[in-house]
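Student: Pasted the sequence and its predicted model underneath.
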Amino acid sequence: MRLTRVYVDAALSPGLRLELPAAAGVHLAKVLRARTGDELIVFAGDGREYPASVESVHGTRVAVAIGAAHAVDRESPLAVTLVQCIARADRMDVIVQKATELGVARIVPVQSRRGVVRLDAAQAESKAAHWRSIAVSACEQCGRNRLPSIESPRRLIDYLGALPAGGTRLLLAPGAEGRPRASIGGEVTIAIGPEGGLDDEEIEAFRLAGFDAMRLGPRVLRTETAAIAALAWLQGRYGDLTHG
């Protein structure tokens, strides 16, 4: 039986007794009907996971006892950064969730000129916090013990203008000739445009920043499909999807 996994934003150590975060408590108490003695896995995002057991359930407040740490590495050999032009409504939520499941190390949400989403500073921070919570849930589900970094949204041009040299850089573009022929390893950044596509100046900015344009097949993909397809291709060919 697969044990429930819970992320805790706190330092963990064997023998520690703590109360789980409110949302986790509600899920365990109300949905899973947790009882004293039930087992689960707790992790704090540092690459280790801890067996734990429920010590008490009071309403939706669940306290657990932490067991011995186990270093469990489920991270990809590729350090993938996804530069994603912000998609509408729950499409961005899906992108963050699936990118986390596919092992992305970092997500950089950017606002492009033809993108339909416009965020002020307060909205940007609120969205970033929301996406981080989605990534946490995805890590709980897929078994990752390290959280991907999710940055606050910024303008695409600002991101490209501050980008240091180094690493493989790919831009998914419907009009590109094909896929890069060179082997890919280590750090790789892949960029996905918005629903309305990138304008010519943005495409040129990507080129000047060292991005190679590529496409996946003959069809034009929606932005959320493109992100998932590109990450699956990277991990399947150069990462860990083929290693079981």
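Tutor: That came in fine, so what should we check first?
Student: can you pull out the strands in the protein?
Tutor: Taking DSSP state E to define them, one finds strands in the chain at 5-7, 17-19, 39-43, 48-58, 61-66, 70-71, 79-85, 106-111, 149-150, 154-155, 168-172, 187-192, 212-214.
Student: okay, those strands, which one's buried deepest?
Tutor: strand 79-85 (a mean of 24; mean count of other CB atoms under 10 Å). All C-beta spots, glycine's among them, are computed from the backbone N, C-alpha and C.
Student: Output the longest helix belonging to the protein.
Tutor: helix 121-142 (DSSP state H).
Student: any chance of the strands of the chain in CSV, with mean pLDDT and distance to Val220 too?
Tutor: What follows is these, written out as CSV (pLDDT from 0 to 100; distance: least, CB to CB, whole Å):
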stretch, mean pLDDT, distance to Val220
strand 5-7, 96, 37
strand 17-19, 95, 49
strand 39-43, 97, 39
strand 48-58, 96, 41
strand 61-66, 96, 47
strand 70-71, 95, 43
strand 79-85, 96, 15
strand 106-111, 96, 20
strand 149-150, 97, 27
strand 154-155, 93, 25
strand 168-172, 94, 11
strand 187-192, 95, 13
strand 212-214, 92, 14
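Student: looking at these, which is closest to Ala162?
Tutor: strand 154-155 (9.0 Å; CB to CB).
Student: show me what contacts the residue positioned nearest the centre of the chain?
Tutor: Closest residue to the average C-alpha location of the chain: Thr100 at 3.1 Å, with CA atoms, centre = their mean. By CB atoms under 8 Å, 6 or more residues apart in numbering, the residues touching Thr100 are Ile134, Ala135, Ala138, Cys139, Cys142, Arg144, Pro148.
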